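*Asks:* this one's structure only:
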């Protein structure tokens, strides 16, 4: 083999490993490594190109690659688990997946060592069912989580804790004095007859790590139960379903705000939200139809509560025909040609209710504004009324509880006269014998749907939240089923009754008190009396 061929083979790296010359070159490699190899341009080879390999992850289905322990149903259940408001109520109809949603909600924080949660039921018997469901879910969702029977507590491997307990009586809340939680849940909230437990436990909602974990109170329930009314006032009445709203005082309806002297004085405190769900939002129960058939077999008021999730249905309610979807409308601009009037039931120590009415051409009554307040004097109320209706145009008349003309032995003007002197004019309501029963019957007639217009004879703007809450909640008088229970909250009902009993008709548009020449001499050219 010639020397030139041997060099070419060495350059190409194709010289056999057993070659003696290669072995000899190896022995002399140190000497020759420093000597450059001379070759012709034709013999030079191009340098190899370095190509970086791209690693592509294999495609896979997440549901197949791992076991899905809990997957929320689309819609209300997903909305509940993703809600950011401080206090949220989830529920309505039966079968909406409330219990599993409640158990799944604290899972977002249990892996954090600073998480501290509390989930309560009203009694220990009801609590056992909830614990049993949690024992099916939690060990799969958080491997290594431990249940302590003695403490009634779940302890996650990283230190997060969730207590599961009961609150049977109001005084049971004292067991949690001094404790702090960043998540509190009440399952079946309407089983608590008063808001005391809910309000007290809000004071336990505090954490040094709230910025990263948040502060949340969650509740689930169906309509009905001993606490139906206060839960309805707190979560249902203030705003339409699914709309977040600033938390309000359920007694006054005022927004809860930071107190005077606070760095955020006057700002709203926190938000609430009601998320309704029905049986048909849970395909696991709805698809078979068996549970729906069972609910359909219930008495009417229970069927409307549990199947339809209707919060306006109460057993023994005086006006079961009231229906939000029929009798409540979105506010609209009322034409100037529509006659307007108002009615008032006054009370200083209790509440004052004022309603404003408009009469449509087909004689439908539209309640377009309300005023509900307490601890307001008659003269201050007159100023508030005149300011509220300053842009309404002509107010044809106002009707006021006739008892406000009684002087009760005083020598000064009556409350009604004080308001009239302010320019807020009234005429007395009918409080003759049988007027309450007649007013109730007229309201029944007004709530009916007219067979010609296919519209109810009375509707309410959705902004009249207190009236919409009170009318369906008023119970019948047990001693006189022809009347409502006068011990119930009926101030706006009485104002409504005074208004609809004035017999407003569309013909009043053609009547102008300033120009009429019938020979009747009116004392007031605006109101015609």
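*Replies:* Cool, the structure landed. On a predicted model such as this, the values are computed, not experimentally measured, just so you know. Residues are numbered from 1 along each chain as shown.
*Asks:* when you work out contacts or count neighbours from here on, use the C-alpha atoms and nothing else.
*Replies:* Noted.
*Asks:* where in this protein is pLDDT low?
*Replies:* Along the chain, the model assigns pLDDT under 70 to residues 1-69, 95-96, 281, 283-288, 291-292, 300-301, 314-315, 407-411, 505-529.
*Asks:* what packs against whichever helix in it runs longest?
*Replies:* Scanning the chain for the longest helix, with DSSP state H as the assignment, gives helix 124-141. Counting by 3 or more Cα pairs under 8 Å, 6 or more residues apart in numbering; DSSP states H and E, the packing neighbours recorded for helix 124-141 are helix 98-104, strand 161-166.
*Asks:* past it, which element shows up next along the chain?
*Replies:* Later in the chain than helix 124-141, the nearest helix or strand by DSSP states H and E is strand 146-148.
*Asks:* residues in contact with that following strand?
*Replies:* With Cα atoms under 8 Å, 6 or more residues apart in numbering as the test, strand 146-148 has contacts from 139, 153-157.
*Asks:* related to what we said a few turns ago, now do the buried residues in the longest helix of the chain.
*Replies:* Going by neighbour count (16 or more other Cα atoms under 10 Å), the buried part of helix 124-141 is 127, 130-131, 134, 137-139.
*Asks:* now the angle from that helix to strand 161-166?
*Replies:* Going by axes from the mean of the first three to the mean of the last three Cα atoms, to 10 degrees, helix 124-141 is angled at 160 degrees with respect to strand 161-166.
*Asks:* okay but residue 206 is in contact with residue 181, surely?
*Replies:* Yes: if you go by Cα atoms under 8 Å, residue 206 and residue 181 touch, sitting 5.7 Å apart.
*Asks:* quick one: the helices in the stretch 401-529 of the chain, in order.
*Replies:* 415-421, 435-447, 465-470, 491-500 (DSSP state H, counting those that start in this stretch).
*Asks:* indicate which one of those is closest to residue 259.
*Replies:* Proximity to residue 259 (Cα to Cα) singles out helix 465-470 among the helices of the stretch 401-529 of the chain, at 24.7 Å.
*Asks:* now for that closest one, which elements pack on it?
*Replies:* Checked by 3+ Cα pairs under 8 Å, 6+ apart, helix 465-470 has strand 365-373, helix 491-500 packed alongside it.
*Asks:* mind listing residues that contact the first one?
*Replies:* To tie it back to what came earlier, the one meant is strand 365-373. Residues from elsewhere that reach strand 365-373 (Cα under 8 Å, 6+ apart): 252, 331, 351-360, 457-461, 463-464, 466-467, 492.
*Asks:* now swap in stretch 88-97 and tell me
*Replies:* Under Cα under 8 Å, 6+ apart, the answer for stretch 88-97 is 77, 80, 98, 217-223, 235, 272-282, 285, 305-311.
*Asks:* closest to residue 145 out of the helices of the stretch 401-529 of the chain?
*Replies:* Among the helices of the stretch 401-529 of the chain, helix 465-470 comes nearest to residue 145, with 44.6 Å by Cα to Cα.
*Asks:* in the closest one, what counts as buried?
*Replies:* For helix 465-470, a neighbour-count test (16+ other Cα under 10 Å) marks 465-470 as buried.
*Asks:* roughly how far out does it sit from the chain middle?
*Replies:* Its chain's C-alpha centre and that of helix 465-470 lie 16 Å apart, by Cα atoms, centre = their mean, to the nearest Å.
*Asks:* and the contacts of that helix?
*Replies:* By Cα under 8 Å, 6+ apart, the residues outside helix 465-470 that reach it are 233, 237-239, 312, 324, 328, 370, 372, 460, 462, 489-490, 492-493.
*Asks:* got the end-to-end distance for stretch 307-325?
*Replies:* 16 Å (Cα to Cα, to the nearest Å).
*Asks:* hmm, who's touching it?
*Replies:* Counting by Cα under 8 Å, 6+ apart, 91-94, 222-224, 232, 236, 276-279, 292, 295-296, 301, 304-305, 444, 447-448, 468-469, 471-476, 484 sit against stretch 307-325.
*Asks:* show only the entries of those found in strands.
*Replies:* Members of the contacts of stretch 307-325 lying in strands (criterion: DSSP state E): 91-92, 276-277.
*Asks:* next up, the contacts around the closest residue to residue 486 other than its chain neighbours.
*Replies:* In this structure, residue 486 finds its nearest non-sequential neighbour in residue 477, 7.4 Å apart by Cα to Cα, 6 or more residues apart in numbering. Residues in contact with residue 477, defined by Cα under 8 Å, 6+ apart, are 483-486.
*Asks:* name the member of these with the most neighbours.
*Replies:* Highest neighbour count within the contacts of residue 477, by other Cα atoms under 10 Å: residue 484, with 22 neighbours.
*Asks:* before we move on, back to that, what is the nearest of the contacts of helix 465-470 to residue 430?
*Replies:* residue 493 (14.5 Å).
*Asks:* that closest one - how many residues pack around it?
*Replies:* The local packing of residue 493 (other Cα under 10 Å) involves 24 other residues.
*Asks:* list the contacts for it?
*Replies:* For residue 493, the contact set (Cα under 8 Å, 6+ apart) comprises 467, 470-471.
*Asks:* TSV for the residues you listed, including distance to residue 341?
*Replies:* Below are the contacts of residue 493 laid out as TSV (distance: Cα to Cα, whole Å):
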residue	distance to residue 341
467	17
470	21
471	20
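*Asks:* and which of those residues is nearest residue 202?
*Replies:* Nearest to residue 202 among those, counting by Cα to Cα, is residue 470 at 26.5 Å.
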